[in-house]
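J.: Below: sequence and its predicted model.
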Amino acid sequence: MPVDLHNHSSFSPDSRTPMEEIVEEACIKGLKVVGISDHDDLDTSFPYSYRLRDLEGYLKNLSRLKENSSVKILSGLEVGLQSCARIPPEGDFDYFIYSVHGIPGTRDLDIGNVWTLYLEESIEAISEIKGPGFFGHIDFLRRYIPEHRPLDNETLLNELLNRLIRNGIGIEINTSGWRHPYREPSPQKWIIERYLSLGGRLITIGSDSHRRADVGSYIGDAVLLLREIGIKEIFYCEKMNYTPFRIDNC
Ligand SMILES: [Zn+2]
Ligand SMILES: [Zn+2]
């Protein structure tokens, strides 16, 4: 298996998996590249916003792990952006995953225009951010919207994707959707195809694991899906530089 750039360790408040176990599991599953990307939600006014525990200790632990590892380990961070909070922390990171985890002032997701509000917030949150980096799970709210109603505002989706492409930010195929009842990647296949048709090419893959067993889960399925739509290489970032990784013969 190639890469899994989205894994949460015990430095995230919602995971209890030590980083060492993520790396062990990545080796067992045959991953070539594993990224640790703990939460750092910049706007803490949301009920479930997760700040990174101990930035300095986090980066130190990662650089220690990198020293003696047979798998390539990358120091990432899942930066939770909102329109009112969009400056990532400074530090020796390899990459950022930029995610929008909520709509300000909207707790009830059972509303008709939920995707419009979410996409407007995402466009605003990402507007000043420049790559490298990857936008996480574009249709994230699907996990929580009643009946997992899929994203439905194509005009704003196009605007978001165009903005990401202009700003040099890639997208993530988050495989956790396959572990949810709707059993699809996040985003859905047609959204990946739309991103490509608009000129995007910087795609990465992440499991969004919060426990050891999910490290690398459904990464193989994501590779098959991407190959099916003609993609020959995906990307990861090392020292904030995009690096291609071929998937047509792995
Ligand atoms: Zn997330
Ligand atoms: Zn995550």
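T.: Good, I have the coordinates. Ligands and ions are numbered 1, 2, ... in the order given.
J.: what's around the closest residue to residue 144 other than its chain neighbours, how many residues?
T.: Spatial nearest neighbour of residue 144, chain neighbours left out: residue 109 (5.5 Å); criterion: CB to CB, 6 or more residues apart in numbering. In short, each C-beta sits where N, CA and C put it, glycine included. Using other CB atoms under 10 Å, residue 109 has 18 neighbouring residues.
J.: residues touching residue 109, list them.
T.: Contacts for residue 109 (CB atoms under 8 Å, 6 or more residues apart in numbering) come out as 141, 144, 145, 146.
J.: got the contact list for the residue most central in space within the chain?
T.: Centroid-nearest residue in the chain: residue 136, 3.2 Å away (criterion: CA atoms, centre = their mean). Applying CB under 8 Å, 6+ apart to residue 136 gives the contacts 6, 78, 97, 98, 99, 172, 174, 206, 208.
J.: do you know how far it is from ligand 2?
T.: 7 Å (CB to the ion, to the nearest Å).
J.: confidence score at that residue?
T.: What the model reports for residue 136 is a pLDDT of 98.
J.: gap between the nearest residue to residue 180 once chain neighbours are set aside and residue 176?
T.: Take residue 180 and drop its neighbours on the chain: the residue closest to it by CB to CB, 6+ apart is residue 143, 5.8 Å away. As defined by CB to CB, to the nearest Å, residue 143 lies at a distance of 8 Å from residue 176.
J.: Pull up the overlap in contacts between the two.
T.: Counting by CB under 8 Å, 6+ apart, the shared contacts of residue 143 and residue 176 are residue 186.
J.: Next, count neighbours for residue 118.
T.: As a measure of burial, residue 118 has 25 neighbours, counting by other CB under 10 Å.
J.: which SS state does it fall under?
T.: Taken by DSSP: H, G, I helix; E, B strand; the rest coil, the conformation at residue 118 corresponds to helix.
J.: what does residue 36 give?
T.: Here residue 36 is recorded as strand under three-state DSSP.
J.: What is the burial count for it?
T.: Number of residues near residue 36 (other CB under 10 Å) recorded here: 27.
J.: Looking at strand pairing, list the partners for it.
T.: residue 75 (DSSP bridges).
J.: Now do the contacts for the residue nearest to residue 138 when sequence neighbours are not counted.
T.: Excluding the flanking residues, the one nearest residue 138 by CB to CB, 6+ apart is residue 187, at 4.2 Å. By CB under 8 Å, 6+ apart, the residues touching residue 187 are 137, 138, 139, 151, 171, 173, 174.
J.: Buried subset of the contacts of residue 109 as a PyMOL selection?
T.: Paste this into PyMOL to select the buried members of the contacts of residue 109, with burial taken from 16 or more other CB atoms under 10 Å:
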select buried, resi 141+145
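J.: Against ligand 2, how distant is residue 130?
T.: In terms of CB to the ion, residue 130 sits 22 Å off from ligand 2.
J.: isn't there a strand covering that residue?
T.: No: under three-state DSSP, residue 130 sits outside any strand and is assigned coil.
J.: Spit out the contact partners of it.
T.: So residue 130 contacts 167, 168, 169 (CB under 8 Å, 6+ apart).
J.: show me where this protein has strands.
T.: 3-4, 33-41, 72-80, 95-99, 134-135, 170-174, 203-206, 233-238, 241-246 (DSSP state E).
J.: near ligand 2, which of the contacts of residue 136 show up?
T.: Among the contacts of residue 136, the ones lying near ligand 2 by CB under 5 Å from the ion are 78, 208.
J.: Now for the contacts of residue 136: which two are most distant?
T.: The two members of these with the most space between them (CB to CB) are 98 and 208, at 14.0 Å.
J.: Tell me the residues of the protein that contact ligand 2?
T.: Checking the chain against ligand 2 by CB under 5 Å from the ion, the hits are 78, 208.
J.: before we move on, back to that, among the contacts of residue 187, which one sits closest to residue 23?
T.: Nearest to residue 23 among those, with distances taken as CB to CB, is residue 174, at 20.3 Å.
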